[in-house]
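Colleague: give me a 3D structure for the following:
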Amino acid sequence: DLSSGELVGHVVLELDDGLRRLVFEQDRRAYSFILLGQFILAFALILIALRAWVLKPLAGLTAFSNRLGGGNFDRSVGWDRPDEIGRLAHQLDRMRKDLRTSFTEQQAILSNVQVGVIFIRERKIQLANRHAEQIFGYVAGEMCGLLTKVLYLSDDQFSAIEDRANAAIETIDGRYEEELCLKRSDDSTFWARMRGCGLDPSTPEAGSIWVFDDITNRKAAEYEINSLAFYDPLTKLPNRRLLLERLKQALMSSARSGRIGALFFIDLDNFKTLNDTLGHDIGDLLLEQVAERLVTCVRGDDTVSRLGGDEFVIMLEELSESLEDAARHAENTGEKLLAVLNQTYQFAGEEHHSTASIGITLFDNNQESIDDLLKRADLAMYQAKAAGRNTLRFFNPEMQTVVTERAALEASLHDAVLKEQFVLFYQPQVTDDGQITGAEALVRWKHPQRGMVSPAEFIPLADRKSVV
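Modeller: Residues are numbered from 1 along each chain as shown. I've put the predicted structure just below:
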């Protein structure tokens with residue numbers, strides 16, 4: 001009863017909403033698919049827009065920068081966009097123009113500089129200017145891509161130079177320089193001055209740049225100057241200056257090792273007569289052939305030299321620690337020299353015979369001067385002359401005494417002429433019956449210290465001085 005507020009009873013209603021829930025679930029799924037499709041579509045559109053507006057331009061800028069790295073400076077970006085990508089493209093294009101200008105200037109410099117310039121990376125030639133191609137004998141563009149070792153005489157030379165160059169480039173100075181013999185494309189060789197440095201010492205893979213000068217003519221000139229300074233122009237043997245230098249080194253080496261050496265002084269017999277009778281041209285031919293024969297009689301590291309005229313000096317080093325063995329070796333070599341020089345010479349189809357006199361002195365670790373050694377060998381040679389020529393003699397102290405006295409007598413003889421110390425005596429010539437038929441004029445030397453000097457002492461010396 002509604003008016004009294006009393007509950008009279010109740011009604012229970014039971015509703016079945018399964019159908020409604022099914023419909024709701026279907027609708028929810030439909031909405032989910034729609035939302036998912038919209039999200040996928042939006043994401044796809046965003047990706048398409050991102051690719052078209054950002055990724056593709058960035059890929060284009062990447063390709064553009066790669067072209068710049070490869071040296072292609074002709075094509076520009078060609079974009080005009082107001083955003084950050086457009087400003088980046090503008091900066092890259094401006095950089096392209098600057099690089100093209102710099103590259104053009106560098107190409108002009110490389111093309112006109114009178115040295116060979118080569119850029120190397122990973123043991124390959126990346127760039128070579130025209131002068132480098134001319135130096136190494138390649139046509140234009142042919143060197144690019146070649147392995148660096150094709151420029152060297154051998155793989156061993158390449159490896160050695162590479163090790164030294166890498167070690168130098170890694171130093172603080174970072175530079176390497178050397179003069180060496182290299183190879184052209186036709187396998188001919190030439191002398192080059194090579195200088196190089198790394199582009200970035202901290203990054204070896206960045207590569208290095210090398211400059212080459214062809215110094216073949218300079219080396220030839222240096223060789224010619226050296227030849228004129230240290231070698232005899234006629235026989236091509238070492239001259240006196242080089243002999244003295246080598247003899248100095250030999251004396252120091254003998255002092256260290258204790259091994260004895262030998263010095264030979266060789267003088268051709270009657271060479272002046274040959275020059276006067278057959279002429280100096282024949283004399284030069286004889287000297288050339290003598291030089292060739294002397295070289296064949298000694299070891300490769302021995303020294304055969306020409307002092308001048310018809311005088312030759314041979315130096316043998318490191319013969320033996322025994323004086324007897326060294327003397328025997330020197331004597332055998334001397335006999336061999338005499339035998340070779342005694343053989344017939346051919347001049348313009350005609351035969352000629354010549355002999356020589358040889359003086360020998362030994363040297364060891366004693367403090368002997370170079371001048372003393374040469375004097376001793378020279379004295380021994382004159383003893384060989386006095387013994388009849390075409391022979392050899394060893395130096396000995398008695399020989400030195402005789403020569404010293406002779407030198408003093410020569411000096412006194414010169415003073416005697418100036419001071420009128422000669423006295424003239426006349427010795428009558430008589431017949432058997434005592435009749436005087438004439439007189440023989442005899443010269444005597446009244447020496448202030450020695451008294452009357454025997455003609456047997458000074459007449460031969462005077463005759464020799466008159467010849468000289």
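Colleague: point out where the stretch 201-350 of the chain drops to low pLDDT.
Modeller: Residue ranges of the stretch 201-350 of the chain with pLDDT under 70: 201, 204.
Colleague: all the helices of it, residue numbers only.
Modeller: Along the stretch 201-350 of the chain, counting by DSSP state H, counting those that start in this stretch, helices occupy 216-230, 240-257, 271-278, 280-296, 323-341.
Colleague: show me what the longest strand along the chain packs onto, helices and strands only.
Modeller: Secondary structure of the chain per DSSP state E: the longest strand is strand 436-447. Applying 3 or more Cβ pairs under 8 Å, 6 or more residues apart in numbering; DSSP states H and E, one finds that strand 436-447 contacts helix 397-418, strand 422-430, strand 451-453, helix 455-467. In this view, the C-beta of every residue, glycine as well, is placed from N, C-alpha and C.
Colleague: can you list those in a markdown table and add mean neighbour count, mean pLDDT and distance to Val298?
Modeller: A markdown table is the format used below for these (neighbours: other Cβ atoms under 10 Å; pLDDT from 0 to 100; distance: least, Cβ to Cβ, whole Å):
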| stretch | mean neighbour count | mean pLDDT | distance to Val298 |
| --- | --- | --- | --- |
| helix 397-418 | 13 | 72 | 25 |
| strand 422-430 | 10 | 84 | 48 |
| strand 451-453 | 12 | 82 | 44 |
| helix 455-467 | 12 | 65 | 32 |
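Colleague: possible to save the ones you listed as a markdown table with distance to Val313?
Modeller: Converted to a markdown table, the helices and strands packed on strand 436-447 look like this (distance: least, Cβ to Cβ, whole Å):
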| stretch | distance to Val313 |
| --- | --- |
| helix 397-418 | 18 |
| strand 422-430 | 38 |
| strand 451-453 | 35 |
| helix 455-467 | 23 |
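Colleague: quick one, which of those gets closest to Asp187.
Modeller: Smallest distance to Asp187 across the helices and strands packed on strand 436-447 (Cβ to Cβ): 58.3 Å, for helix 397-418.
Colleague: part of a helix, is Ser185?
Modeller: No - with DSSP: H, G, I helix; E, B strand; the rest coil as the criterion, Ser185 is assigned coil and is not in a helix.
Colleague: who's in contact with the nearest residue to it once chain neighbours are set aside?
Modeller: In space, and not counting its chain neighbours, Ser185 is closest to Gly137: 4.1 Å by Cβ to Cβ, 6 or more residues apart in numbering. Going by Cβ atoms under 8 Å, 6 or more residues apart in numbering, Gly137 touches Arg184, Ser185, Asp186, Ser188.
Colleague: please report the distance of the last one from Met143.
Modeller: Separation of Ser188 from Met143 (Cβ to Cβ, to the nearest Å): 16 Å.
Colleague: so between these two, which is more surrounded?
Modeller: Neighbour comparison, Ser188 and Met143: the larger count goes to Met143, with 22 against 8 (by other Cβ atoms under 10 Å).
Colleague: name the nearest residue to that one, ignoring sequence neighbours.
Modeller: Nearest non-adjacent residue to Met143, counting by Cβ to Cβ, 6+ apart: Ala128, 4.0 Å away.
Colleague: correct me, but the one you found touches Val117?
Modeller: Yes - at 7.2 Å, Ala128 counts as touching Val117 under the criterion of Cβ atoms under 8 Å.
Colleague: verify the stated contact: Gly261 with Ser320.
Modeller: No - if you go by Cβ under 8 Å, Gly261 and Ser320 don't touch, sitting 9.6 Å apart.
Colleague: spit out the residues that contact those two alike.
Modeller: Listed contacts common to Gly261 and Ser320 are Ala326; contacts here mean Cβ under 8 Å, 6+ apart.
Colleague: neighbour count winner among these two?
Modeller: More crowded of Gly261 and Ser320, by other Cβ under 10 Å: Gly261, with 24 against 16.
Colleague: once you drop chain neighbours, what's closest to the more buried one?
Modeller: Gly261's closest residue in space is Glu317 (Cβ to Cβ, 6+ apart), at 4.7 Å.
Colleague: burial of that neighbour, as a residue count?
Modeller: Glu317: 21 neighbours (other Cβ under 10 Å).
Colleague: contacts only, for it.
Modeller: Going by Cβ under 8 Å, 6+ apart, Glu317 touches Ala250, Ser253, Ser254, Arg259, Gly261, Asp301, Asp302.
Colleague: with Asp156 instead?
Modeller: Listed by Cβ under 8 Å, 6+ apart, Asp156 has no contact partners.
Colleague: ok, Asp284 touching Asp232?
Modeller: No - with contacts counted by Cβ under 8 Å, Asp284 stays clear of Asp232, the gap being 11.2 Å.
Colleague: of these two, which one has the most company?
Modeller: Asp232 (20 against 13).
Colleague: excluding its backbone neighbours, what's nearest the more buried one?
Modeller: Using Cβ to Cβ, 6+ apart, the closest residue to Asp232 is Arg306 (4.4 Å).
Colleague: next one: Leu323
Modeller: With Cβ to Cβ, 6+ apart as the measure, Ile260 is the residue that lies nearest to Leu323, at 6.2 Å, once sequence neighbours are left out.
Colleague: ditto for Tyr426
Modeller: Among residues not flanking Tyr426 along the chain, Ala439 sits closest, at 4.2 Å (Cβ to Cβ, 6+ apart).
Colleague: what's the local residue count around the one you found?
Modeller: Neighbour count for Ala439, taken as other Cβ under 10 Å: 12.
Colleague: before we move on, what about Arg246?
Modeller: Neighbour tally, Arg246, other Cβ under 10 Å: 17.
Colleague: measure it to Asp301 for me?
Modeller: Distance of Arg246 to Asp301, computed by Cβ to Cβ: 10 Å.
Colleague: same check, this time on Gln91
Modeller: The gap separating Gln91 from Asp301 is 70 Å, by Cβ to Cβ.
Colleague: likewise for Phe265?
Modeller: Note on Phe265: its distance to Asp301, by Cβ to Cβ, is 20 Å.
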